[in-house]
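Colleague: what's the 3D shape of this:
(2 chains)
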Amino acid sequence: DVKVTQSSRYLVKRTGEKVFLECVQDMDHENMFWYRQDPGLGLRLIYFSYDVKMKEKGDIPEGYSVSREKKERFSLILESASTNQTSMYLCASSRTMKGYTFGSGTRLTVV
Amino acid sequence: AQSVSQHNHHVILSEAASLELGCNYSYGGTVNLFWYVQYPGQHLQLLLKYFSGDPLVKGIKGFEAEFIKSKFSFNLRKPSVQWSDTAEYFCAVNPGAGSYQLTFGKGTKLSVIP
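Modeller: Residues are numbered from 1 along each chain as shown, chains lettered A, B, ... in the order given. Below is the predicted model:
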């Protein structure tokens, strides 16, 4: 089974901190994605990457950046965390459009 | 930009009742369609998908969905729900044409009462 592993299940950070969310997949997938999930809003795409060192903005990239230095790892960075970034963050990977594999999510609370 | 609409925010059913969750999308071209499920405390899992061919698609756990192109719809159905179907259900659309992006609906919470 493809595994997508997110490094933290729960995180609590202070306003203004720089936050790194890590995601690793073990199936050599080219495509990786970061979504945030909020009640009543569903999943919204933040950033995605088709290849190493490649990144594309999704629907809500403001306040975020990403890094993909290795194929298996895709990091989401909150440059200066704010309370409106409190959310569940989901990482996903895919090789084709046959379907994504999602990680278990990181619930981030910014206080 | 394409969008996905799920008609119901929260559906409450008794066990053995039939289920239909609505999903409509706004995109004129060829699309790939998905339903994902998220059980409480678990990660998103693929229920079923439609790429082409028979518009009636069968998925896991007795779920099925019907693609009606003229209505831009992809509704999810199950003839008889169980308490274990309590979860949040998400419809998602991919525009094809080499894109790997998925656009999700806002989700429908299903609560099944024993």
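
Colleague: tally of neighbours for A:Pro39?
Modeller: A:Pro39 has 12 neighbours, counted by other C-beta atoms under 10 Å in any protein chain shown. (Glycine included, C-beta is placed from N, CA and C.)

Colleague: could you check the pLDDT of it?
Modeller: For A:Pro39, the pLDDT comes out at 89.

Colleague: for it, what are phi and psi?
Modeller: Torsion angles at A:Pro39 (phi, psi; degrees, to the nearest 10) stand at phi -60, psi 130.

Colleague: same question for the one 4 residues further on.
Modeller: As for A:Leu43, its main-chain torsions (degrees, to the nearest 10) stand at phi -100, psi 130.

Colleague: and for B:Ile60?
Modeller: phi -80, psi 160.

Colleague: residues contacting the closest residue to it other than its chain neighbours?
Modeller: The shortest distance from B:Ile60 to any non-neighbouring residue, by C-beta to C-beta, 6 or more residues apart in numbering or on different chains, is to B:Leu47 (6.1 Å). Each residue near B:Leu47 by C-beta atoms under 8 Å, 6 or more residues apart in numbering or on different chains is listed here: B:Phe34, B:Trp35, B:Tyr36, B:Val37, B:Gly59, B:Ile60, B:Lys61, B:Phe63, B:Leu76, B:Tyr89.

Colleague: and the residues you listed, which is closest to A:Glu22?
Modeller: B:Tyr36 (22.8 Å; C-beta to C-beta).

Colleague: pairing partners for the lowest-mean-pLDDT helix or strand in chain A, with directions?
Modeller: Taking mean pLDDT, DSSP states H and E as the measure, chain A has strand A:101-102 as its least confident helix or strand, at a mean of 91. If you go by DSSP bridges, strand A:101-102 pairs up with strand A:87-94 (antiparallel).
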